[in-house]
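Trainee: sharing a model that was predicted from the sequence below.
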Amino acid sequence: IAGATSSDYVPSVGTVGTLYYYCVVTQTGANCEVVSAYATIVTNASPAFTMTWEDQEVCLDGTVDAYSVSYINGTGVPSYQWYSNSSDSNVGGTALVGETTPDYTALTTGVGATWYYCEVSFSFGGCSLITSAPVLVNVVDDPTVSVQPLATDTLCVGGTMYAPLEVDYVDGTGAVSYQWFDGADAAIAGATSSSYWPPSFTTPGTYTYYATISLSGSGCDAATSVTAEVLVVADPLVTLDSLNFSYCEGAFPVEALQANATGGTGAYSYQWYENTAASSTGGTLIAGATSSDYVPSVGTVGTVYYYCVVTQTGANCEVVSAYATIVTNASPAFTMNPQSQTLCFGESVGLFEVAYEFGTGTPSYQWFVNGVNDYVGANAIAGETSPTYLPPVDATGSLYYYCSITFDVGGCSEILSAIAGIHV
């Protein structure tokens with residue numbers, strides 16, 4: 001080794017491998033020389049970590065996997081020291097007292113993110129300190145319900161809720177699973193999503209539901225929602241004040257049909273329909289007929305059936321009334337009028353008689369007499385209130401007679417017979 005001529009020598013360790021060194025000692029005396037035993041110098045590669053760590057996230061007081069240190073190369077006895085840090089760095093951490101083994105299990109008693117790393121030093125051989133990359137252990141709160149299901153809803157029998165019951169959550173970690181329960185704390189088969197739509201309700205009563213939210217993360221306790229209450233009531237009832245009316249064509253006034261609704265839930269809405277058949281289905285919607293009463297048209301002769309559909313803001317709250325029959329008759333008209341007669345004094349007079357068709361209601365008759373051939377100025381004949389009348393012929397001269405018919409219901413106008421004269 002050039003220049004290595006002193007009694008000591010510092011060997012090179014710049015290359016990995018094994019070299020053997022020895023020294024030849026000579027003296028000025030003739031043939032004075034000796035060779036030393038060899039010294040073995042082993043140069044190892046610098047130590048390096050071989051493990052791979054994964055970040056972990058658990059709920060408060062959850063269990064985490066232990067982290068273990070492994071390395072290759074280096075020389076001497078290793079010493080370990082674990083550190084915690086509030087940032088993603090392996091510099092500036094806090095040494096964990098007593099954590100001086102190759103393995104460490106992080107604590108999960110407090111919520112927050114903590115990074116951990118390990119330093120390994122060697123007792124001899126000149127190996128540099130090695131520091132692992134930091135690894136994260138994130139401790140989160142247990143899950144809590146952030147969106148609760150609708151507290152109370154009211155609907156009618158046969159109804160389905162307008163919107164499903166829904167839940168959501170915050171915090172926790174891992175895969176989420178849901179389970180809905182009924183009021184008897186029985187798990188509802190298939191109800192395993194964040195929303196649940198109860199089936200149609202066929203019986204009045206109070207029904208309750210709640211959900212549990214579970215996460216697969218270690219230490220995560222299940223969260224339970226508040227209880228949702230669904231109140232199911234009977235459908236509303238509706239009656240009409242009267243179901244049968246008869247009117248004359250064009251009658252006035254016409255009595256309004258009145259729908260009286262009770263029960264159910266929510267504000268009532270009304271829609272009237274007309275039908276040519278005696279049925280409360282299949283009718284034609286009457287535009288604008290949306291109040292509890294409706295005045296039917298009597299402008300056309302015939303029979304029309306009316307019914308009302310009552311709905312409420314509560315789900316499926318609807319009821320259909322019975323139908324009301326509205327008969328519109330043609331206006332009354334005489335089919336038989338009194339006939340004029342010319343007689344001699346003392347001759348027998350023929351009976352006056354009237355008859356009519358159409359109209360509605362009970363007719364009332366009244367005979368009138370006048371000294372001139374006119375309706376104006378005539379006088380009602382007391383007691384003559386039947387369809388027939390026998391006029392007197394006890395004096396010579398001319399008198400004129402007619403009959404008036406009025407109707408007690410249906411709005412029919414008064415009709416007047418033809419004027420018949422008795423000439424004696």
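Mentor: Okay, I see it. This is a predicted model, so every value here is computed, not measured.

Trainee: nearest residue to residue 357 in space, please, no chain neighbours.
Mentor: residue 335 (5.2 Å; Cβ to Cβ, 6 or more residues apart in numbering). In this view, the C-beta of every residue, glycine as well, is placed from N, C-alpha and C.

Trainee: partners of residue 72 in the sheet?
Mentor: residue 48 (DSSP bridges).

Trainee: give me the number of residues near it?
Mentor: 11 (other Cβ atoms under 10 Å).

Trainee: these two touch, right, it and residue 48?
Mentor: Yes: contact criterion Cβ atoms under 8 Å: residue 72 and residue 48 qualify, at 5.9 Å.

Trainee: pLDDT weak spots in the stretch 301-424 of the chain?
Mentor: Applying pLDDT under 70 to the stretch 301-424 of the chain flags residues 314.

Trainee: doesn't residue 167 make contact with residue 213?
Mentor: Yes: with contact defined as Cβ under 8 Å, residue 213 counts as touching residue 167 (6.4 Å).

Trainee: overlap of the contact sets of the two?
Mentor: 145, 178, 225 (Cβ atoms under 8 Å, 6 or more residues apart in numbering).

Trainee: helix, strand, or coil at the residue nearest to residue 357?
Mentor: strand (DSSP: H, G, I helix; E, B strand; the rest coil).

Trainee: how close does it sit to residue 43?
Mentor: Computed as Cβ to Cβ, to the nearest Å, the residue 335 to residue 43 distance reads 140 Å.

Trainee: who has more neighbours out of these two?
Mentor: Neighbour count, other Cβ under 10 Å: between residue 335 and residue 43, residue 43 has more, with 16 against 10.

Trainee: for the closest residue in space to the more buried one that isn't next to it in sequence, report the pLDDT, please.
Mentor: Among residues not flanking residue 43 along the chain, residue 13 sits closest, at 4.4 Å (Cβ to Cβ, 6+ apart). pLDDT for residue 13: 88.

Trainee: and residue 13, how far from residue 6?
Mentor: Going from residue 13 to residue 6 by Cβ to Cβ gives 19 Å.

Trainee: for those two, indicate the residue with more neighbours.
Mentor: A count of neighbours by other Cβ under 10 Å puts residue 13 above the other of residue 13 and residue 6, at 14 against 7.

Trainee: which residue ranges form the helices in the chain?
Mentor: Counting by DSSP state H, the chain yields no residue ranges for helices.

Trainee: one step back: surely the residue nearest to residue 43 meets residue 41?
Mentor: Yes: counting by Cβ under 8 Å, residue 41 is a contact partner of residue 13 at 7.0 Å.

Trainee: show me the contacts for residue 119.
Mentor: Contacts for residue 119 (Cβ under 8 Å, 6+ apart) come out as 80-81, 83, 129-132.

Trainee: and for residue 110?
Mentor: 60, 139.

Trainee: try 7 Å this time
Mentor: Residue 110 sits next to residue 139 when contact means Cβ atoms under 7 Å, 6 or more residues apart in numbering.

Trainee: with residue 247 instead?
Mentor: By Cβ under 7 Å, 6+ apart, the residues touching residue 247 are 254, 298, 328-329, 360, 410-411.

Trainee: and it, bridged to which residues?
Mentor: Beta-bridge partners of residue 247, as defined by DSSP bridges: residue 328.

Trainee: equivalent analysis for residue 33, please.
Mentor: residue 26.

Trainee: separation between it and residue 212?
Mentor: In terms of Cβ to Cβ, residue 33 sits 92 Å off from residue 212.

Trainee: please say which of these two ends up with more neighbours.
Mentor: residue 212 (16 against 9).

Trainee: which strand residues bridge the more buried one?
Mentor: residue 179, residue 224.

Trainee: could you report the pLDDT at it?
Mentor: For residue 212, pLDDT reads 98.

Trainee: for residue 413, see how far away it is.
Mentor: Counting by Cβ to Cβ, the gap from residue 212 to residue 413 is 76 Å.

Trainee: what's the answer for residue 341, then?
Mentor: In terms of Cβ to Cβ, residue 341 sits 29 Å off from residue 413.

Trainee: likewise residue 85?
Mentor: Distance from residue 85 to residue 413, by Cβ to Cβ: 103 Å.

Trainee: was I right to think the residue nearest to residue 357 contacts residue 354?
Mentor: No: the criterion here is Cβ atoms under 7 Å, and residue 335 misses it with residue 354 at 8.6 Å.

Trainee: with adjacent residues omitted, what lies nearest to residue 47?
Mentor: For residue 47, ignoring the flanking residues on the chain, the nearest one in space by Cβ to Cβ, 6+ apart is residue 74 at 2.9 Å.

Trainee: what's near enough to touch that neighbour?
Mentor: Residue 74 neighbours (Cβ under 7 Å, 6+ apart): 44, 46-47, 122, 127.

Trainee: of these, buried ones?
Mentor: 44, 47, 122, 127 (16 or more other Cβ atoms under 10 Å).

Trainee: so which of the residues you listed comes closest to residue 302?
Mentor: When the buried ones among the contacts of residue 74 are ranked by distance to residue 302 (Cβ to Cβ), residue 47 comes first, at 107.5 Å.

Trainee: understood, closing this out.
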